[in-house]
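Trainee: Coordinates only, no sequence provided:
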């Protein structure tokens, strides 16, 4: 089952996690600073003690190919969290980072293009409190136009147990 609405993902959560839920970013989200900020709209609700798998596909624009992209996740306190990011730095190379903490990043130092950088944030989490897991973005350098996570980017998740 693939979910497209809030009612659908609520049904997935209440049913014990059968199926995959998806949220699509409805408008661009810009961050022109080196401080991390929520990508409002790329998030999902979690229940303490449950295990979730997630995958966000973010299309990101930058002001220049010399401006790096930082992506990560934030949320409620976690019993366990394992995540990784794939961020293109050239047309044939990605920066791949792994982490186990909330709101931590390994920003790339370059981007493959100024438009159309397809970045992946994926992982598994077991929250110790109810809340919301959200994708976060930051620019490697502070620039006026910043990094823009484009409308149409998605996050999919499902409760594993």
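Mentor: Ah, there it is. Please read all numbers here as calculations on a predicted model, not as lab measurements.

Trainee: Spatially central residue for the protein, please.
Mentor: residue 135 (3.3 Å; C-alpha atoms, centre = their mean).

Trainee: isn't that residue right up against residue 71?
Mentor: Yes: look at residue 135 against residue 71 with C-beta atoms under 8 Å: they come within range, at 6.5 Å. For glycine as for every other residue, the C-beta is placed from the backbone atoms N, C-alpha and C.

Trainee: so what sits against both of the two?
Mentor: Counting by C-beta atoms under 8 Å, 6 or more residues apart in numbering, the common neighbours of residue 135 and residue 71 are 56, 58, 121.

Trainee: What's the local residue count around the first one?
Mentor: A count of nearby residues for residue 56, using other C-beta atoms under 10 Å, gives 28.

Trainee: Correct me if wrong, but it is in a strand.
Mentor: Yes: the assignment for residue 56 by DSSP: H, G, I helix; E, B strand; the rest coil puts it in a strand.

Trainee: you'd agree it is up against residue 121?
Mentor: Yes: using C-beta under 8 Å, residue 56 is in contact with residue 121, at 4.3 Å.

Trainee: Tell me where the model's unsure across this structure.
Mentor: Low-confidence segments of the chain (pLDDT under 70): 1-18, 106-107.
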